[in-house]
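S.K.: what follows is a predicted protein model with its sequence.
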Amino acid sequence: MAVPLYLSEMAPAHLRGGLNMMFQLATTLGIFSANMINYGTQKIKPWGWRLSLGLVAAPALLMTVGGLLLPETPNSLIERGHVEEGRRVLELIRGTTDVDAEFTDMTEASELANTIKHPFRNILERRNRPQLVMAVCMPAFQILTGINSILFYAPVLFQSMGFGASWSLYSSMLTGAVLLFSTLISIATVDRLGRRKLLISGGIQMIVCQLIVAAILGVKFGSDKHLSRGCSVAVVFVICLFMLAFGWSWGPLGWTVPSEIFPLETRSAGQSITVAVNLFFTFVIAQAFLSLLCVFKYAIFIFFAGWIAIMTAFVYVFLPETKGVPIEEMVLLWSKHRFWKNIMPAMPTMPLEDGWGPGDDRGDSAVAADCSIHKSQVKIIVDEQ
């Protein structure tokens, strides 16, 4: 829960996406490393499994020591009354003393946050409806891509397709390596291309890959129930393309987007909902996958492709572009969005110097630019809400 939130609060707006995705990079590196360690230790009889479990203490120790060395975020310090310390940390992480505008945003957001006594009750209010929907849907959709099914049950899945035992283990190691590499692509592109483009393009690629795998398995299992070497290689290649698409789209962005959209007064509550939903759907899919595989057989890939189609359409319709928008100014995006502006409470129409007001129809990039120019408007609008 804490890591994506910490990264979003510490990162400057123009680098927030890439830095936040370091969380996913670390996760995929851990998955790949665990696969390699398990592959090596399972050959050590009879105590190899003890070594595999015991090695978990090494990253846990590293995380504990690192946590002691990390500073608190400026937002957290200011919210708890340590205003001067908050400014000092902000200047330290930005590398400059010219932080007046960002510091003012943080103090104003902190003043509002301290008036909220019940963040979980507050998050249910109408003005927080868009963020709440994202906190529930983004992590749910991330798991409904079927990614955990492939990661958790890769050996079983490949064996059920006709692969040998060793072949299936090698294939699962390969998919883990692809997932690690694809996260690097996302880090390099997210703050240039934006969140929406990566999510939509990644969703389309995953749909195509799932349907191709379903078609290959459906044809082959419908005839001789055995995959030739050529078909086996094709299936692994297409699944790797699926992992590649997930790794630079829904994998990291399923965490990044929810961590950056909440105002300070509901940020911790929103992130806790995101994590809870993610873990709940991880549990459900993990428990149900083998039964679904027995019932659907090759159509299990069509099942997940259907969910990916729904979530891709969801992003296109409901998610505004958050690239480059300071985290304390996200409220302006929802009031400008073509759908959410009809859900949120009425915003005051306050024409600005350049003629922009909450009623115009310019794109998300224009909104982001206005967010950085008209920071003095933020507290007025939030107070009105």
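M.R.: Good, I have the coordinates. Numbers count the residues shown, from 1 in each chain.
S.K.: let's see stretch 235-252 as CSV, backbone CA atoms only.
M.R.: C-alpha atoms of stretch 235-252 as CSV (Å, rounded to 0.1, in the frame of the first residue of the first chain):
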residue,chain,number,x,y,z
VAL,A,235,1.8,-20.4,-28.1
VAL,A,236,4.7,-19.4,-26.0
PHE,A,237,5.6,-16.6,-28.3
VAL,A,238,2.1,-15.1,-28.3
ILE,A,239,1.9,-15.4,-24.5
CYS,A,240,5.2,-13.5,-24.3
LEU,A,241,3.6,-10.8,-26.4
PHE,A,242,0.8,-10.7,-24.0
MET,A,243,3.2,-10.4,-21.1
LEU,A,244,5.0,-7.7,-22.9
ALA,A,245,1.8,-5.7,-23.4
PHE,A,246,0.8,-6.1,-19.8
GLY,A,247,4.2,-5.1,-18.5
TRP,A,248,4.2,-1.7,-20.2
SER,A,249,0.5,-1.0,-19.6
TRP,A,250,-1.8,-2.4,-17.0
GLY,A,251,0.9,-4.0,-14.9
PRO,A,252,2.5,-0.8,-13.6
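S.K.: could you give the mean pLDDT of that stretch?
M.R.: The average pLDDT within stretch 235-252 is 90.
S.K.: next: stretch 182-192.
M.R.: 88.
S.K.: ok, and the closest non-adjacent residue to residue 116?
M.R.: Leaving aside its chain neighbours, residue 116 sits nearest to residue 265 (4.1 Å; criterion: Cβ to Cβ, 6 or more residues apart in numbering). Backbone N, C-alpha and C define where each C-beta goes, glycine included.
S.K.: sorry, wrong one. I was asking about residue 5.
M.R.: In space, residue 5 is closest to residue 271, 4.8 Å off (Cβ to Cβ, 6+ apart).
S.K.: mind listing what's buried in the helix or strand containing that neighbour?
M.R.: Using DSSP states H and E, residue 271 falls within helix 267-296. Buried positions in helix 267-296, judged by neighbour count with 16 or more other Cβ atoms under 10 Å: 267-275, 277-278, 281-282, 285, 289, 292-293.
S.K.: sort out which residues of the helix or strand hosting residue 208 are buried, please.
M.R.: Using DSSP H and E, residue 208 sits within helix 195-221. Residues of helix 195-221 classed as buried: 195-200, 202-203, 205-214, 216-217, 220-221 (neighbour count, 16+ other Cβ under 10 Å).
S.K.: quick one: mean pLDDT for that helix?
M.R.: pLDDT averaged over helix 195-221 gives 91.
S.K.: and stretch 276-296, by the same measure?
M.R.: On average, stretch 276-296 scores 91.
S.K.: pull the distance from that stretch to the chain's centre.
M.R.: Here stretch 276-296 is found 19 Å from its chain centre; the criterion is Cα atoms, centre = their mean, to the nearest Å.
S.K.: ditto for stretch 295-312
M.R.: On Cα atoms, centre = their mean, the centre of stretch 295-312 falls 20 Å from the chain's centre.
S.K.: and it, what's buried?
M.R.: 298, 300, 301, 302, 303, 304, 305, 307, 308, 309, 311, 312.
S.K.: in helices only, show me the residues you listed.
M.R.: Here DSSP state H is the test, and those give 300, 301, 302, 303, 304, 305, 307, 308, 309, 311, 312 as lying in helices.
S.K.: ok, now which ones touch the closest residue to the last one other than its chain neighbours?
M.R.: Think residue 312. Nearest non-adjacent residue to residue 312, counting by Cβ to Cβ, 6+ apart: residue 203, 3.3 Å away. Residues in contact with residue 203 (Cβ atoms under 8 Å, 6 or more residues apart in numbering) are 245, 249, 250, 308, 309, 311, 312, 315.
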